[in-house]
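Enquirer: Sequence plus predicted model, see below.
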Amino acid sequence: MLFELANPKRFLMFSGKLLPWFWAVAAICLAAGLYLGLFAVPPDYQQGDTVKIMFIHVPAAWVAMMAYGLMAVASAFGLINRHPLADVAAKAAAPLGALFTALALITGSLWGRPMWGTYWVWDARLTSFLILLFLYLGYIALWNAFDDEVRAARATAILALVGAVNLPIIKYSVEWWNTLHQGEGIFVKGGSLIAPVFLWPLFLMAVGYTFLFSALWMVRIRTEILARRARSLQLQAGGL
Amino acid sequence: MNSFLALLSRDIRLATRAGGSAMLALGFFAAVAALVPLGVGADLKLLGRIAGGVLWVAAVLAALLSLDRLFQADFEDGSLDQIALGPLPLEAAAFAKIAAHWLTTGLPLTLLSPVLALLFNLPEEGYAALVLSLAIGTPAASAIGAIGAGLTMSIRRGGLILPLLVLPLLAPAVIFGAGAVISSLDGLANGALWLLSAFSLAAVLLAPFAAAASVRLNLAG
């Protein structure tokens, strides 16, 4: 199934049929999640209305991490199977991942201002997300630095895999560093302590974000495939 | 083994003789460290507290300084093709280059660090941890840096991208290295040194493979 789809032509057809559905699910889930999250949910007894930033923030962070995982898997496929579509998929995921990482960081700091009294805290999660953003930016910069697409794909694939190996270590080291320097524990973990009223919109937003990411990812992959096709047609026609 | 040693000694000679980067890295290290008190103020108590962190950051930056030419110089004059054709596996060649880089930057930096720590008024308890952590951790900087050097070797302005690729990956080394100095100042058990050793060993072990792969892709085609 996966390898059948690896044919760019088949991918274009298949993703073309899938896309409207993905857009629809994303729109419905995001609309419902935003309505529930912003209007229906009562203010938190401690955080007040700022708790509602969570619905924008947490799913963005999840998608940001998922995007890196997908990028690394696509890179591994590209490196091992030498398949152009996997290269394109990895390339297309990076700017989206960077965007969601930035969204998570910005909404997090907007939440931090009223709650922590400051836009930025060198909290373990904030720090590891900042590093994640740098990994994305480095990846994108390396892609842009090469003229040759095949070479760029190989190089960035190696970088993505090295980053994937290093990410858990970075996350762990930052957590260790954080507990070493500040034992106050400003960040109290919610986890399953969240009340069910909050859980529903969060779930809807997470599904919505995931489908939004997937739809955008597919669009980017399709655009890249078509752009390459256009370029090769142009070369065949003899013009540049 | 012979070709490994030949490559190692060649790279060391290139780095230490006229036009080499070893002394430059040392000078850069000292200059960066000397600039920090000018920026944060001359409060000796504060300087003693941040000495470990500042010297660690300066050491990583100094190691980066000469990394962009690690493969690039040989790539441009064609000797990298000869090395790749030779009997030595590219992984071993990458390891030799990493070792030479560390011997000409990481090691001298480590040896110079106590003198700079003196200028920072680092309390006595911190010296052993500082020197040990730099000795253990700077090989990781050379090793992970070599991956970045391999990836960017065919890019003309690769030296500008290299720090963006490598610095985030080196965050654990800085955290554990500077953390080791702080824990010994506070008289805490020094788990950071063990974690740093683990990180450094893993980096030195795995990086030659990634560096060799990235050199290969740049040589091909």
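Expert: Great, that's in hand.

Enquirer: wait, what's in contact with the nearest residue to A:L135 once chain neighbours are set aside?
Expert: Spatial nearest neighbour of A:L135, excluding adjacent residues (C-beta to C-beta, 6 or more residues apart in numbering or on different chains): A:G163 at 4.8 Å. The C-beta positions use only the backbone N, C-alpha and C, and glycine is treated the same way. Each residue near A:G163 by C-beta atoms under 8 Å, 6 or more residues apart in numbering or on different chains is listed here: A:Y68, A:A72, A:L135, A:Y139, B:P168, B:L169.

Enquirer: So among those residues, which ones count as buried?
Expert: Listed as buried from the contacts of A:G163 are A:Y68, A:A72, A:L135, A:Y139, B:P168, B:L169; burial here means 16 or more other C-beta atoms under 10 Å in any protein chain shown.

Enquirer: Kindly provide the distance from B:S113 to B:L132.
Expert: Counting by C-beta to C-beta, to the nearest Å, the separation of B:S113 from B:L132 is 10 Å.

Enquirer: Please say which of those two ends up with more neighbours.
Expert: The residue with more neighbours, out of B:S113 and B:L132, is B:S113; 28 against 19, by other C-beta atoms under 10 Å in any protein chain shown.

Enquirer: which stretches of the chain have low pLDDT?
Expert: All of this is about chain A. Scanning chain A for pLDDT under 70 picks out A:1-5, A:44-47, A:178-196, A:239-240.

Enquirer: Sorry, I should have been clearer: chain B.
Expert: Using pLDDT under 70, chain B drops low at B:221.

Enquirer: returning to that earlier point: which pair of the contacts of A:G163 spans the longest distance?
Expert: Maximum pairwise distance in these, criterion C-beta to C-beta, is 14.9 Å, between A:A72 and B:P168.

Enquirer: Figure out how far the top helix by length along chain B is from the centre of its chain.
Expert: Ranked by number of residues, the top helix in chain B under DSSP state H is helix B:191-219. Chain-centre distance of helix B:191-219: 12 Å, with C-alpha atoms, centre = their mean, to the nearest Å.

Enquirer: Could you do stretch B:67-85 as well?
Expert: The answer for stretch B:67-85 is 19 Å, by C-alpha atoms, centre = their mean.

Enquirer: How far does it stretch from one end to the other?
Expert: End-to-end distance for stretch B:67-85, by C-alpha to C-alpha, to the nearest Å: 23 Å.

Enquirer: Tell me the buried residues in it?
Expert: B:L67, B:D68, B:R69, B:L70, B:F71, B:Q72, B:D74, B:F75, B:L80, B:I83, B:A84.

Enquirer: Leaving out the residues flanking it, which one is nearest to B:L26?
Expert: Excluding its sequence neighbours, the residue lying closest to B:L26 (C-beta to C-beta, 6+ apart) is B:P108, at 5.4 Å.

Enquirer: tell me, how many neighbours does that neighbour end up with?
Expert: Using other C-beta under 10 Å, B:P108 is surrounded by 19 other residues.

Enquirer: The longest helix of chain B near chain A at all?
Expert: Yes: counting by C-beta under 8 Å from any C-beta of the partner chain, chain A is contacted by helix B:191-219 at B:L195, B:F199, B:L206, B:A210, B:A213, B:S214, B:L217, B:N218.

Enquirer: Redo those as TSV? Include neighbour count.
Expert: Formatted as TSV, the residues of helix B:191-219 next to chain A follow (neighbours: other C-beta atoms under 10 Å in any protein chain shown):
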residue	neighbour count
B:L195	21
B:F199	23
B:L206	16
B:A210	24
B:A213	23
B:S214	27
B:L217	22
B:N218	24
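
Enquirer: Just the closest of those residues to A:W217, please.
Expert: Nearest to A:W217 among these: B:L217, at 25.0 Å, using C-beta to C-beta.

Enquirer: helix or strand for the nearest residue to that closest one once chain neighbours are set aside, which one?
Expert: Excluding the flanking residues, the one nearest B:L217 by C-beta to C-beta, 6+ apart is A:R154, at 4.0 Å. Using DSSP states H and E, A:R154 maps to helix A:149-181.

Enquirer: Okay, buried residues for that helix please.
Expert: Those would be A:149, A:151-164, A:166-167, A:169-171, A:173-178, A:180, for helix A:149-181 by 16+ other C-beta under 10 Å.

Enquirer: before we move on, the earlier item: so what's the residue nearest to B:L26 up against?
Expert: Shown in contact with B:P108 (C-beta under 8 Å, 6+ apart): B:A22, B:A25, B:L26.

Enquirer: Please flag which of those sit within helices.
Expert: Going by DSSP H, the helices hold B:A22, B:A25, B:L26 from the contacts of B:P108.

Enquirer: out of those residues, which is most surrounded?
Expert: Ranked by neighbour count (other C-beta under 10 Å), the ones in helices among the contacts of B:P108 have B:A25 at the top, with 25 neighbours.

Enquirer: That residue reaches B:L109, doesn't it?
Expert: Yes: applying C-beta atoms under 8 Å, one finds B:A25 in contact with B:L109, separated by 7.0 Å.

Enquirer: what sits in contact with each of these two?
Expert: Here B:A25 and B:L109 have B:A62, B:A63 as joint contacts, going by C-beta under 8 Å, 6+ apart.

Enquirer: Return the residues in contact with A:I80.
Expert: With C-beta under 8 Å, 6+ apart, A:I80 has no contacts at all.
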